[in-house]
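Colleague: Sequence plus predicted model, see below.
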Amino acid sequence: GFAHLKKYYETNGHADVPIYFKSGHFSLGVWLSVQRMSFKSGNCPTDRLKRMNALGVKWHPLDAAWEEGFAHLKNYFELNGHADVPGDFKSGNFSLGVWLSHQRMTYKRANYSPERLARMNALGVKWDMNVAAWEEGFAHLKKYFELNGHADVPGDFKSGKFSLGIWLLGQRAVFKKGSYPADRLKRMNALGVKWDVLAAAWEEGFVHLKAYFDLYGHADVPWKLKSGKFPLGQWLTYQRKAYQRGNYPADRLERMNSLGVKWSLKRQG
């Protein structure tokens, strides 16, 4: 077993062997796990312990993983002056945002070690799970933006098992109440989030209508006409119906009139 471990160390520069790793037909990962159990029970001979330590064997791999995460967090703190790590943030190849979310979940279960808690608190870590949940949602939104070039997420869209469309609807509801935190607003705006989707939809329609007007010199759009995939004729019919109901906003009316829109509901074309 040790010969295989030494070979692994010489090849990889460390002895962090995955549990399912095999060296040829030898189950090296399982063997190392057995050695750790022997160490934990106090039965690892001194000479073997010395040779294993020379390869940097980690006897408590979970502790080592935590220390690695904390080292990245401390570095982030020293660079930024706070520990408010975005959920999607990576420190090199280490998923620091995800790691911090896991620490918050452990804290919530009330089984966080006092020694670790003191060290985390020294960096000003915020334990509020609402913060962690928001960061998770934003990480999914950022990924959507990077894939699609926009943040116009359909209401029923899921990012994996995460209901991203519903999350974004919730963010808009908070924004509408006027209680959206400034730092979050800045980050959401950086992705081009549209806070009033109905207003955004109207603006999209007007852009298509203006393009039509610029091409043809009028706004008499046939009702079946599409501008690309946008149903411009149907959109204009809907605007006329809204106008007939007498509740068309004055600013929109002025802009529509500037294109010479005819408000009769009679279909064009």
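Modeller: On my side now, so go ahead.

Colleague: ok, now how distant is His102 from Leu79?
Modeller: 21 Å (CB to CB, to the nearest Å). All C-beta spots, glycine's among them, are computed from the backbone N, C-alpha and C.

Colleague: Just the helices from the protein, written as ranges.
Modeller: Ranges of helices within the chain are 2-12, 28-40, 46-54, 61-80, 96-108, 114-122, 129-148, 164-176, 182-189, 197-216, 232-244, 250-257, based on DSSP state H.

Colleague: for the ones you listed, which one sits closest to Pro154?
Modeller: Each of the helices of the chain was scored for nearness to Pro154 using CB to CB, and the closest is helix 164-176 (5.3 Å).

Colleague: For that closest one, what is the distance to the chain centroid?
Modeller: Here the centre of helix 164-176 is set off from its chain's centre by 15 Å, with CA atoms, centre = their mean, to the nearest Å.

Colleague: quick revisit: give me the more crowded residue out of His102 and Leu79.
Modeller: His102 (13 against 9; other CB atoms under 10 Å).

Colleague: returning to what we had before: lowest average pLDDT across the helices of the chain?
Modeller: Across the helices of the chain, helix 28-40 has the smallest mean pLDDT, namely a mean of 81.

Colleague: before we move on, back to that, of all the helices of the chain, which one comes closest to Tyr20?
Modeller: helix 28-40 (5.5 Å).

Colleague: For that closest one, C-alpha coordinates in PDB please.
Modeller: Listed next in PDB are the C-alpha coordinates belonging to helix 28-40 (Å, rounded to 0.1, in the frame of the first residue of the first chain):
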ATOM      1  CA  LEU A  28      -5.300   2.900  -3.000                       C
ATOM      2  CA  GLY A  29      -8.100   5.300  -1.900                       C
ATOM      3  CA  VAL A  30      -9.700   2.600   0.300                       C
ATOM      4  CA  TRP A  31      -6.400   1.600   1.700                       C
ATOM      5  CA  LEU A  32      -5.600   5.200   2.800                       C
ATOM      6  CA  SER A  33      -9.000   5.400   4.400                       C
ATOM      7  CA  VAL A  34      -8.300   2.300   6.400                       C
ATOM      8  CA  GLN A  35      -4.900   3.900   7.500                       C
ATOM      9  CA  ARG A  36      -6.800   7.000   8.700                       C
ATOM     10  CA  MET A  37      -9.200   4.800  10.800                       C
ATOM     11  CA  SER A  38      -6.200   3.100  12.300                       C
ATOM     12  CA  PHE A  39      -4.600   6.500  13.100                       C
ATOM     13  CA  LYS A  40      -7.900   7.700  14.700                       C
END
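
Colleague: Next, the buried residues of that helix.
Modeller: 28, 31-32, 35-36, 39 (16 or more other CB atoms under 10 Å).

Colleague: distance between it and the chain's centre?
Modeller: 37 Å.

Colleague: can you list contacts of that helix?
Modeller: 1, 4-5, 8, 15, 17-22, 44, 48-49, 52, 57, 59, 61 (CB atoms under 8 Å, 6 or more residues apart in numbering).

Colleague: any idea how far the residue nearest to Ser91 when sequence neighbours are not counted lies from Leu123?
Modeller: In this structure, Ser91 finds its nearest non-sequential neighbour in His72, 4.1 Å apart by CB to CB, 6 or more residues apart in numbering. Using CB to CB, one gets 11 Å for the distance from His72 to Leu123.
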